[in-house]
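K.L.:
Provided below for reference: sequence and predicted model.
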Amino acid sequence: MDHSPLIADHGLVGDLQTAALVSTDGTVDWFCCPRFDSPSVFGALLDPDGGHCRIRPVRQPYTTRQLYFPDTAILITRFLTESGSGEVIDFMPPASRSRATSGRRLIRMLRCVRGRVAFSVDVVPRFDYGRRPHTTCVTEDGALFDSGKCGLTLHAVREPGDARLAHIHVLEGGVYGSVTLETGQVRGVVLESDAEGPPRAFRVAEIEQAFGDTVRFWRSWLARSAYRGRWRETVHRSAITLKLLTYAPTGAMVAAPTMGLPEQLGGERNWDYRYTWIRDASLSVSSLLTLGFTAEAVDFARWLGERYQQSAHGDDPINVMYRVDGSSDLTEESLAHWAGYRGSSPVRIGNAASGQLQLDVYGELFDTVYQADRRGIEVGHQGWQALSELLGWLTENWDRPEEGIWETREGKADFTYGRLMSWVAFDRGIRLATAHGRPGAVEVWRAHRDRIYDQIWEHGWNPLRQAFVQRYGSDALDASLLRMADVGFIAPQDPRWLATLESIEADLVTDSLVHRYDSGVSPDGLAGSEGTFSLCTFGYVSALARAGYVDKARLVFEKMLTFANHVGLYAEEIGPTGEQLGNFPQAFTHLALIDAALTLDRAESVLCGS
């Protein structure tokens, strides 16, 4: 059986400092260590020789099934054969919130459920995106892979007298073994980075204790959710996914745990998303707030405050994105030695968009602060001073051309969405100041807010298209503007807003799925095209529901749920044949799913009179 899984053929496990993708055939083919944005150790998802850890039955044929242990981030891959059934239970014990550590543990627990199953176990690391060689040393209790700069230790899960169960050998720096289990037996391996000692034998009771502790962690966290709506399981899976994308030591949240996964098969739109975008993280925090999770907002606010304090307050007071530790070295380069996912190259690390001007980030940031304030998380004196200074900078800069939310590489323009979110920033700043009697240039902020409002109505509305358009002077549409009613700029049933929805449906919607824009009409500086953008599809659901088209919104939402993978995860986009494309899983998609579900819940409750 060849290992060539689709993007959607994966589940995600993580420990709040990094994460791993496990395919339905039992292969860990993506794992960066010790952080989300560290070089990969297993990268077979992007190149056949990128490294992997594979566990599967020795004998074929077999059938696989994959699921999450309920209400957790623990992944179970089941193998069904004629002679028996077995499971690989993958999890990473959650890391400390207080400090960053280099020691990560990925536990792969093997269990025979029925009959007798012989498992093969292959551990083939390739450090630093496959660029750094390593040595392999096998011991009685496991193996040590050492690249000099970083290493990985393989610990065997065994009981006294187990030596006869396992057989291993070394080939080209990888360790290959097998273990035969009978009904009820549990064994496995523990992969650990920066281990304090040599490989050691883990007893079964030890990993079962770690399993129980991990179950309790996730269920305790999820119990804080206040959501009791119609799509509880789906919403909670998205919430867990957003939590998995959180770097606990700082509170930063990555856009996705992967890099280089294509927005078009064979195309060049292959970006590195393992960083913290102010926009994506703000929206993620806001969505978690709506479910009742508040700690993430506090942690992210602290991290963001540190970024502002450390900035030079020059041209741009905050960057578009950062690494999870707050550093801003994101130089973009390509890995020429990697083939890319299904031949999609170049495979990029770093992200050149970090140097762009994207004015909308200030609106997302201020709106999240405002939403947190409404839930009792008030900004302190120092935080308010920083927010006031940001608004002061925005008064001088909101009218500048920019690269926009979609990070176009065609050049700067007057994007309507950037102006819209600048309006949001001033509006939320005014509300915060007046609600708490905080000092600030409120009249100045109000004047700029009103100027933006008038400008959008004058230049963002295209009377020929009967729609708000992507950029001033253009007739191109843009699905980012589906948020206009959501943020309160326009009434959800205003005639011009309803006309905009109709235009977006005519130009950007295909069988309920939404393109973010038409690159043929509005060039973005890149070759090729892309799939429909899942954030925008869920945003379309919210816009329809607010406009009163509740039945239509419900149908679009239910259709979109069919594009989730087998464990409820979404990538960034949906391709022409329904395949998931882009980095995976994507925070944008899951936060928008949460927002759409809550908006639909409210709309349907109004219709039902409850």
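P.N.:
Here it is on my side, so go on. Numbering: from 1, shown residues only.

K.L.:
Between the two ends of stretch 265-277, how far is it?
P.N.:
Distance between the two ends of stretch 265-277: 25 Å, counting by C-alpha to C-alpha, to the nearest Å.

K.L.:
Please point out which parts of that stretch sit buried.
P.N.:
By neighbour count on 16 or more other C-beta atoms under 10 Å, the buried set for stretch 265-277 is 265, 267-277. Backbone N, C-alpha and C define where each C-beta goes, glycine included.

K.L.:
go on, stretch 207-227?
P.N.:
Of all the residues in stretch 207-227, those buried under the rule 16+ other C-beta under 10 Å are 207, 210-211, 214-215, 217-218, 221-222, 225, 227.

K.L.:
how about the strands in the stretch 401-550 of the chain?
P.N.:
Counting by DSSP state E, counting those that start in this stretch, the stretch 401-550 of the chain has strands at residues 461-462, 467-468, 509-510, 513-514, 532-533.

K.L.:
Contacts for the last one, please.
P.N.:
So that's strand 532-533. Strand 532-533 has contacts (C-beta atoms under 8 Å, 6 or more residues apart in numbering) with 479, 510, 513-516, 572-574.

K.L.:
quick revisit: I'd like the buried residues of stretch 207-227 written out as CSV, with pLDDT added.
P.N.:
Converted to CSV, these look like this (pLDDT from 0 to 100):
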residue, pLDDT
207, 97
210, 97
211, 98
214, 98
215, 98
217, 97
218, 98
221, 97
222, 98
225, 97
227, 97
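
K.L.:
about what we covered before: which among the contacts of strand 532-533 gets closest to residue 97?
P.N.:
Nearest to residue 97 among the contacts of strand 532-533: residue 572, at 28.1 Å, using C-beta to C-beta.

K.L.:
burial count for that closest one?
P.N.:
Here the count is done by other C-beta atoms under 10 Å, and residue 572 has 29 residues near it.

K.L.:
list the contacts for the closest residue to it other than its chain neighbours?
P.N.:
Spatial nearest neighbour of residue 572, excluding adjacent residues (C-beta to C-beta, 6 or more residues apart in numbering): residue 582 at 2.9 Å. Contacts for residue 582 (C-beta under 8 Å, 6+ apart) come out as 7, 261-263, 530-531, 571-573.

K.L.:
Mind checking which of those land in helices?
P.N.:
In this view, these have no member that belongs to helices under DSSP state H.

K.L.:
Which of those residues sits closest to residue 39?
P.N.:
Within these, the smallest distance to residue 39 is 16.7 Å, found for residue 261 (C-beta to C-beta).

K.L.:
and the gap between that closest one and residue 593?
P.N.:
Separation of residue 261 from residue 593 (C-beta to C-beta, to the nearest Å) stands at 19 Å.

K.L.:
Redo the contacts of residue 582 as CSV? Include distance to residue 333.
P.N.:
Below are the contacts of residue 582 laid out as CSV (distance: C-beta to C-beta, whole Å):
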residue, distance to residue 333
7, 23
261, 17
262, 18
263, 19
530, 22
531, 26
571, 23
572, 22
573, 24
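
K.L.:
right, and the pair among these with maximum separation?
P.N.:
Of all pairs drawn from the contacts of residue 582, the greatest distance, 13.9 Å, lies between 7 and 530 (C-beta to C-beta).

K.L.:
Which one's more surrounded, the two?
P.N.:
More neighbours surround residue 7 than the other of residue 7 and residue 530, with 26 against 21 (other C-beta under 10 Å).

K.L.:
can you tell me which residues contact the more buried one?
P.N.:
With C-beta under 8 Å, 6+ apart, residue 7 has these contacts: 261, 341, 571, 579-582, 584.

K.L.:
go on, residue 269?
P.N.:
262-263, 526, 528, 530.

K.L.:
let's see 10 Å
P.N.:
When contacts are counted by C-beta atoms under 10 Å, 6 or more residues apart in numbering, residue 269 is found next to 261-263, 344, 348, 519, 524, 526-531, 572-573, 581-582.

K.L.:
Whichever of these end up buried, select them in PyMOL.
P.N.:
With 16+ other C-beta under 10 Å as the criterion, this PyMOL line picks the buried residues out of the contacts of residue 269:
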select buried, resi 261+262+263+344+348+519+524+526+530+531+572+573+581+582
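
K.L.:
if we can go back for a sec, got the strands of the stretch 401-550 of the chain as TSV, with mean pLDDT and distance to residue 403 columns?
P.N.:
Putting the strands of the stretch 401-550 of the chain into TSV (pLDDT from 0 to 100; distance: least, C-beta to C-beta, whole Å) gives the following:
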stretch	mean pLDDT	distance to residue 403
strand 461-462	98	21
strand 467-468	98	19
strand 509-510	96	25
strand 513-514	97	21
strand 532-533	96	17
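
K.L.:
Pipe the ones you listed into JSON lines and attach distance to residue 79 and mean neighbour count per row.
P.N.:
What follows is the strands of the stretch 401-550 of the chain, written out as JSON lines (distance: least, C-beta to C-beta, whole Å; neighbours: other C-beta atoms under 10 Å):
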{"stretch": "strand 461-462", "distance to residue 79": "57", "mean neighbour count": "18"}
{"stretch": "strand 467-468", "distance to residue 79": "52", "mean neighbour count": "26"}
{"stretch": "strand 509-510", "distance to residue 79": "38", "mean neighbour count": "16"}
{"stretch": "strand 513-514", "distance to residue 79": "34", "mean neighbour count": "24"}
{"stretch": "strand 532-533", "distance to residue 79": "34", "mean neighbour count": "26"}
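
K.L.:
among those strands, which is nearest residue 373?
P.N.:
Among those, strand 467-468 comes nearest to residue 373, with 28.4 Å by C-beta to C-beta.

K.L.:
what about the stretch 301-450 of the chain, any weak spots by pLDDT?
P.N.:
The stretch 301-450 of the chain contains residues with pLDDT under 70 at 312-314.

K.L.:
Apologies, that question was intended for the chain.
P.N.:
Residues of the chain meeting the criterion pLDDT under 70: 1-3, 163-166, 312-314, 528, 609-610.

K.L.:
picking up where we left off before, could you pick out which of the contacts of residue 7 are located in strands?
P.N.:
Those of these mapping onto strands are 580-581, per DSSP state E.

K.L.:
give the contact list for the residue nearest to residue 576 when sequence neighbours are not counted.
P.N.:
Of all residues beyond its chain neighbours, the one nearest residue 576 is residue 531 (7.1 Å), with distances taken as C-beta to C-beta, 6+ apart. Residues in contact with residue 531, defined by C-beta under 10 Å, 6+ apart, are 262-265, 269, 510, 513, 515-516, 571-582.

K.L.:
Quickly note the distance from residue 531 to residue 284.
P.N.:
From residue 531 across to residue 284, the span is 22 Å (C-beta to C-beta).

K.L.:
With residue 178 instead?
P.N.:
Separation of residue 178 from residue 284 (C-beta to C-beta): 42 Å.

K.L.:
Give me the secondary structure label for the residue lying closest to residue 139 once chain neighbours are set aside.
P.N.:
Excluding its sequence neighbours, the residue lying closest to residue 139 (C-beta to C-beta, 6+ apart) is residue 199, at 5.0 Å. Classification of residue 199 using DSSP: H, G, I helix; E, B strand; the rest coil returns coil.

K.L.:
and residue 199, how many neighbours does it have?
P.N.:
The tally of other residues near residue 199 (other C-beta under 10 Å) stands at 20.
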